[in-house]
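1. Sequence and predicted structure, then a few things I'm wondering about:
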Amino acid sequence: MARYEMLNNVAHKDLRVATRFGASYGDDIGMVPAYPTEYAELVREYPIFFRKNEDGEYQSVVLLGFGVNENLFLDGEQWKATYLPAHIARGPFLIGFQEQDVDGELRHEAVINVDLDHPRVNFEEGEAAFLPQGGHSPYLEHVTTMLRGIRDGMEGGKAMYAAFDSLDLIQPLTLDIKFDNEHGANVTGLLGIDRERLAALDAESLHSLHRSGYLEGAYLVLASMHNMRRLMAEKQRRLSQETVAANAG
């Protein structure tokens, strides 16, 4: 159960965040939300898909494994990738809003909240949230950058998904994969950009996507599909290791 408080350098002056990885931190997960603001980073290592959330709205996700609790980027306490998805990098923090009086006008201002019940939060080891003098630590500055990207990605993503949907570019996918003669996976509920429909768009529709900045997003999602090969290769490597270990035993 989350227990959020607005972060401040008095009540949370000694707060630290464990930055290693593992199942105990909730990192054993098959996919995580992704945001258009990080597509250019994600495309180098992760396959990007879409899915619909409980409210029926589109969201981007990156596939980490072929099962609900399988993260093929997780290796012991390490995350085997050069870029960490923002949803993971933010740790126990998220953007909240507080009503504040700004020059006599009430405004909803963005603030940072922290989940004090998050397994990464402690007061003994890990990255400090604040400097001894009370300023933001380099770690918290990095998290703040991630949170801004999440906020901007959530806001801009809605319009981009709507534009894709209006052109019937978002289509359902079923990943029916064989790793070897005995093992396979069937992943459902994912959606992707239809390459043929994108290629068949008329000049006006293409120009509209380009003008709004969404055409690049579509091509980045398509390009990210090459990372499925990496994910499959890692799955096959681990299955092979399991077979060797079983035979040795």
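-> Yep, it's here.

2. ok, and the closest non-adjacent residue to residue 4?
-> In space, residue 4 comes closest to residue 113 once its chain neighbours are excluded; the distance is 4.6 Å by Cβ to Cβ, 6 or more residues apart in numbering. Just so you know, the C-beta spots here come from the backbone N, C-alpha and C atoms, and that holds for glycine as well.

3. oh sorry, the question was meant for residue 19
-> Leaving out its chain neighbours, residue 19 is closest to residue 127 (Cβ to Cβ, 6+ apart), at 5.4 Å.

4. can you pull the contacts of residue 57?
-> With contact set as Cβ atoms under 8 Å, 6 or more residues apart in numbering, residue 57 has these partners: 158, 161.

5. show me where pLDDT drops low in this structure?
-> 99-104, 106-108, 249 (pLDDT under 70).

6. show me where it has helices.
-> Ranges of helices within the chain are 39-42, 86-89, 138-166, 195-199, 203-212, 214-224, 227-248, based on DSSP state H.

7. nearest to residue 31, of those helices?
-> Evaluated over these, closeness to residue 31 peaks at helix 86-89, with 10.0 Å, by Cβ to Cβ.

8. Take that closest one, keep the C-alpha atoms, and write them as PDB.
-> Output for helix 86-89, consisting of C-alpha atoms alone and laid out as PDB, is shown next (Å, rounded to 0.1, in the frame of the first residue of the first chain):
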ATOM      1  CA  ALA A  86      11.800   6.400 -16.800                       C
ATOM      2  CA  HIS A  87       9.100   4.400 -15.000                       C
ATOM      3  CA  ILE A  88      11.800   2.400 -13.300                       C
ATOM      4  CA  ALA A  89      14.300   5.300 -12.900                       C
END
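
9. Check which helices and strands it sits against.
-> strand 31-34, helix 138-166 (3 or more Cβ pairs under 8 Å, 6 or more residues apart in numbering; DSSP states H and E).

10. how deep is residue 58 tucked in, by neighbour count?
-> Other residues near residue 58 come to 17 when the count uses other Cβ atoms under 10 Å.

11. how many neighbours does the nearest residue to it once chain neighbours are set aside have?
-> Leaving aside its sequence neighbours, residue 58 sits nearest to residue 161 (Cβ to Cβ, 6+ apart; 3.8 Å). In terms of burial, residue 161 registers 22 neighbours under the definition other Cβ under 10 Å.

12. quick one: residue 161 from residue 36, how far?
-> Between residue 161 and residue 36 the distance, using Cβ to Cβ, to the nearest Å, works out to 9 Å.

13. May I see the buried residues of stretch 32-41?
-> 32-39, 41 (16 or more other Cβ atoms under 10 Å).

14. now swap in stretch 50-68 and tell me
-> Residues 50-51, 58-66 are the ones in stretch 50-68 that count as buried (16+ other Cβ under 10 Å).

15. what about it, distance to the chain center?
-> Centroid separation between stretch 50-68 and its chain, computed with Cα atoms, centre = their mean, to the nearest Å, is 10 Å.

16. how long is it from one end to the other?
-> Using Cα to Cα, to the nearest Å, the gap from the first to the last residue of stretch 50-68 comes to 16 Å.

17. Then stretch 127-141?
-> Between the opening and closing residues of stretch 127-141 there is a gap of 12 Å (Cα to Cα).
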